[in-house]
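Engineer: here you go, sequence then predicted model.
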Amino acid sequence: MDKVTRGSVTLSARSAGVRVQGRELLLIHGLNANMAFWHPVLIRELVAGRFLMMYDQRGHGRSDMPASGYTPSELAHDAAAVLDAYGVADADVVAHSFGATVALQLARLFPERVRSLVLLDPRLRVFQPFLKLADWPEFDKWKASLGAAGERLNPDVALDFMLPLHFAEAALRQAGPGLVANGFAPIGGGRRGAARYRQLIADTTAAADYQNIDGLDLPSLNMVTCPVFAIYGPHSPFLETLAAVKRELPEWVARLLHEGGHNFPVRFPEHTAQCILEFLATASGARDTEHVTSEVGERSSSSPYGDIS
């Protein structure tokens, strides 16, 4: 396990694979998770001929939990620190859920560092600022699963990063199989992870920072210059975002899988890897063509944010 430092914050990170120029891949997990979110089968498929970098976002896993600094732009600077620490000038980025917001912010603030983006079931607040449980077509199934475990769901509760805090841990464990089957299981790190996530929301600025659109409005999304691939599960609560992406961001590639919900990378890692690899091959081919037909300057890291210890 590696340690990446950015100022006073230390992030837990690890890498896999061999160093191949132009084949670096950064993975960014979502909230109430850690880098263990990335399924071993997914890693096995992606690592062939590539250099993978993973890390625990601040406040998650084994990374530090400072009192502040959880806006998407601050978290994007953390991601840049990981790239710097591994000596990687630019990379393809794969990100899940809120990690996709961080990845988009990384592409906005440091466009020279992001070759392409693969966004796994992202919710973009510019398109979907508020979502209630009752607005999600799978709500009745979820309600039945948690009801059998003794939990009563308020249909007006927001389906967002606060949702895990509304349920007793024992009920979540009991209802787990049903929640997974119905598309939005809150994946965390067990009892320790649940306690740490509650501490993160209670004791830091994270709750306010996560809701900050932080410059990711429609004009800025339209200015993202790298290829973008957004993938959604058919049982996702964020299909409104998918519809808006297709309507407002026609340069992006957007795809609906045949199965799965919000956490489809965990349930269907091989299918997810196949989709990612197909897109990366296409994006790489487009870059090679551009390199032949136009002069492209060398990309380099303009400011070192992080170091590995």
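Structural biologist: Nice, thanks for sending it over.
Engineer: every contact and neighbour count from this point should use C-alpha atoms.
Structural biologist: Noted.
Engineer: pLDDT score assigned to Ala185?
Structural biologist: For Ala185, the pLDDT comes out at 58.
Engineer: how about the contacts made by Thr10?
Structural biologist: Thr10 sits next to 3-4, 63-64 when contact means CA atoms under 8 Å, 6 or more residues apart in numbering.
Engineer: out of those residues, who has the most neighbours?
Structural biologist: Ranked by neighbour count (other CA atoms under 10 Å), the contacts of Thr10 have Val4 at the top, with 26 neighbours.
Engineer: now do the phi/psi pair for that residue.
Structural biologist: Main-chain torsions, Val4, degrees, to the nearest 10: phi -110, psi 130.
Engineer: got TSV for the contacts of Thr10, with pLDDT and distance to Arg123 too?
Structural biologist: Listed next are the contacts of Thr10 as TSV, based on pLDDT from 0 to 100; distance: CA to CA, whole Å:
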residue	pLDDT	distance to Arg123
Lys3	97	29
Val4	98	28
Ser63	98	24
Asp64	98	25
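Engineer: narrow these to those in strands?
Structural biologist: When the contacts of Thr10 are checked against strands (DSSP state E), the matches are 3-4.
Engineer: in JSON lines, list the contacts of Thr10 along with distance to Ala89.
Structural biologist: Below are the contacts of Thr10 laid out as JSON lines (distance: CA to CA, whole Å):
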{"residue": "Lys3", "distance to Ala89": "19"}
{"residue": "Val4", "distance to Ala89": "16"}
{"residue": "Ser63", "distance to Ala89": "23"}
{"residue": "Asp64", "distance to Ala89": "25"}
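Engineer: would you map the helices across the stretch 51-200 of the chain?
Structural biologist: 72-85, 98-109, 139-148, 169-181, 190-203 (DSSP state H, counting those that start in this stretch).
Engineer: weakest of these in terms of mean pLDDT?
Structural biologist: helix 169-181 (a mean of 71).
Engineer: got the domain boundaries for the chain?
Structural biologist: 2-129+215-308, 133-203 (automatic domain parsing).
Engineer: and of the helices of the stretch 51-200 of the chain, who's closest to Phe127?
Structural biologist: helix 98-109 (12.5 Å; CA to CA).
Engineer: quick one: contacts of that closest one?
Structural biologist: With CA under 8 Å, 6+ apart, helix 98-109 has contacts from 28-31, 72-73, 75-77, 79-80, 93-95, 113-114, 117, 119-120, 122-124, 216, 220-221, 223-224, 226.
Engineer: mind checking which of those residues are in strands?
Structural biologist: Checking the contacts of helix 98-109 against DSSP E, those in strands are 28, 93-95, 114, 117, 119-120.
Engineer: now the two most distant members of the residues you listed.
Structural biologist: Val114 and Leu120 (16.3 Å).
Engineer: thinking again about what came up before, put the buried members of the contacts of helix 98-109 into a ChimeraX selection.
Structural biologist: In ChimeraX syntax, the buried subset of these is picked out as below (16 or more other CA atoms under 10 Å):
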select :28,29,30,31,72,73,75,76,77,79,80,93,94,95,113,114,117,119,120,122,123,124,216,221,224,226
